[in-house]
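Novice: Okay, structure incoming, though there's no sequence with it:
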């Protein structure tokens, strides 16, 4: 077959692929809830089948699984209620004295460099009032824009939280029929190896989810106990929240650490321990927790379950974080597990090829 004819036959497929990619890119915001709901349905499908095995109607089983997911998500937010309810009055009552105390320690250090700073609390208050009056218009515009942007983002998140479970319900309700329709699109000679690959991927993803749940539970206990040993009154809610939020790499850990620092400063800042004790406690507990999670728990309990070496886990997190930022950290290990499955099968096919076995 001439190369020109081969190119002319492939050209329509290349054009169709490019057009499909461009359309998907343009409509990413619309497709996002459908993709997220499909992932949620895929995760819940084994639990739905288990409930069906116990003679629970499929629609009821789907509803129970989605309700469990919503309860877990609500629990994470409910943990913030005692934290916020206790920290808010503490901020109102203790923050001024805490700032004045810190300022009194900072003033002598700044004076050594010849800087002109308010020496008393009254002078500091007068300076802050003048500074705010000079910049209030600029800050007001920035805050208003942030509120509008944040409100739009909040509404988008709220809409996504309502839409994704509803779409997941319909995905699960017709899962078998949709699976048969998708399988019919695959050429017959590819169906058997494709089914084997999907079965292996199902097993790996199940191992990944179980390992991630174990890591979250261990860290929730660790942070709660660690903060309790340093005398934090909000050790339990902050520790449990941090442990459950570590499923969001860096963001969950960072938010938990900020809450712990704030709670510690308000609890110990005006006492005999001063500000160094809570900072020391948070530094020790969260520093050690991050080391244990990054170099032991995640590589051992998650990486080994999906067949990744600890070095591979660290490399995958760094690589996907560099490529895609926050979202890359979320999908790094599942995508790496899928790549492992496809890579193993490609290696077996390569070893069976005539090129590999040729003398």
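Specialist: Right, received. Where do you want to start? Please read all numbers here as calculations on a predicted model, not as lab measurements.

Novice: C-alpha from now on. contacts and neighbour counts both.
Specialist: Fine.

Novice: any idea which helix or strand of the chain has the worst average confidence?
Specialist: Every helix and strand in the chain was compared by mean pLDDT, DSSP states H and E; the lowest is helix 121-173, with a mean of 63.

Novice: Now the following helix or strand past that helix: buried residues?
Specialist: For helix 121-173, the following helix or strand on the C-terminal side (DSSP states H and E) is helix 175-184. For helix 175-184, the neighbour count (16 or more other C-alpha atoms under 10 Å) marks residue 175 as buried.

Novice: quick one: low-confidence ranges for the protein?
Specialist: Within the chain, the ranges that satisfy pLDDT under 70 run 1-10, 13, 27-29, 90-158, 249-250, 269-274, 304-305, 324-327, 359.

Novice: Distance of the residue positioned nearest the centre of it relative to residue 83?
Specialist: In the chain, the centroid-proximal residue (C-alpha atoms, centre = their mean) is residue 248; its distance is 1.9 Å. Plainly put, residue 248 is 20 Å away from residue 83 if you go by C-alpha to C-alpha, to the nearest Å.

Novice: Then residue 23?
Specialist: Distance, residue 23 to residue 83, by C-alpha to C-alpha: 45 Å.

Novice: neighbours around the closest residue to residue 252 other than its chain neighbours, how many?
Specialist: The shortest distance from residue 252 to any non-neighbouring residue, by C-alpha to C-alpha, 6 or more residues apart in numbering, is to residue 245 (4.4 Å). Residue crowding around residue 245 was assessed by other C-alpha atoms under 10 Å; the count is 21.

Novice: And residue 245, how far from residue 164?
Specialist: Residue 245 is 20 Å from residue 164, by C-alpha to C-alpha.

Novice: hang on, the earlier thing: looking at residue 23 and residue 83, which one has more neighbours?
Specialist: residue 83 (19 against 11).

Novice: Is that one within a helix or a strand, and which one?
Specialist: Short version, using DSSP H and E: residue 83 is in helix 80-111.

Novice: And residue 248, by the same measure?
Specialist: Counting by DSSP H and E, residue 248 is part of no helix or strand.

Novice: got it, and the one 5 residues further on?
Specialist: When elements are defined using DSSP H and E, residue 253 is found to belong to helix 251-268.

Novice: and what of residue 314?
Specialist: Taking DSSP H and E as the criterion, residue 314 maps to helix 310-324.

Novice: Against which helices or strands is that helix packed?
Specialist: helix 326-352 (3 or more C-alpha pairs under 8 Å, 6 or more residues apart in numbering; DSSP states H and E).

Novice: Can you list the buried residues in the helix it packs on?
Specialist: 328-334, 336-338, 340-341.

Novice: Apart from its neighbours in sequence, what residue is nearest residue 40?
Specialist: Residue 40 sits nearest to residue 168 (C-alpha to C-alpha, 6+ apart), 6.4 Å away.

Novice: just residue 350 next, same as before
Specialist: Per C-alpha to C-alpha, 6+ apart, closest to residue 350 is residue 356, 6.5 Å.

Novice: same check, this time on residue 36
Specialist: Using C-alpha to C-alpha, 6+ apart and skipping the chain neighbours, the partner closest in space to residue 36 is residue 164 (6.6 Å).

Novice: Next: residue 279.
Specialist: The shortest distance from residue 279 to any non-neighbouring residue, by C-alpha to C-alpha, 6+ apart, is to residue 261 (6.5 Å).

Novice: And that neighbour, how far from residue 58?
Specialist: 46 Å.

Novice: Might one say that residue 59 is in contact with residue 173?
Specialist: Yes: look at residue 59 against residue 173 with C-alpha atoms under 8 Å: they come within range, at 6.6 Å.

Novice: which residues sit in contact with the residue nearest to residue 264 when sequence neighbours are not counted?
Specialist: In space, and not counting its chain neighbours, residue 264 is closest to residue 278: 4.8 Å by C-alpha to C-alpha, 6+ apart. Contact analysis of residue 278 by C-alpha atoms under 8 Å, 6 or more residues apart in numbering lists 230, 261, 264-265, 268-269.

Novice: what two of the residues you listed are the furthest from one another?
Specialist: Maximum pairwise distance among these (C-alpha to C-alpha): 13.8 Å, between 230 and 269.

Novice: Between those two, which has more neighbouring residues?
Specialist: The neighbour count for residue 230 versus residue 269, taken as other C-alpha under 10 Å, is higher for residue 269 (24 against 17).

Novice: before we move on, the earlier item: residue 59 and residue 173: which has the busier surroundings?
Specialist: Neighbours per residue, other C-alpha under 10 Å: of residue 59 and residue 173, the larger number sits with residue 173, 18 against 14.

Novice: ok now do the more buried one, which residues does it touch?
Specialist: Residue 173 is in contact with 58-59, 62, counting by C-alpha under 8 Å, 6+ apart.

Novice: quick one: which of those residues is nearest to residue 89?
Specialist: Distance to residue 89, by C-alpha to C-alpha, is smallest for residue 62 among the contacts of residue 173, at 42.1 Å.
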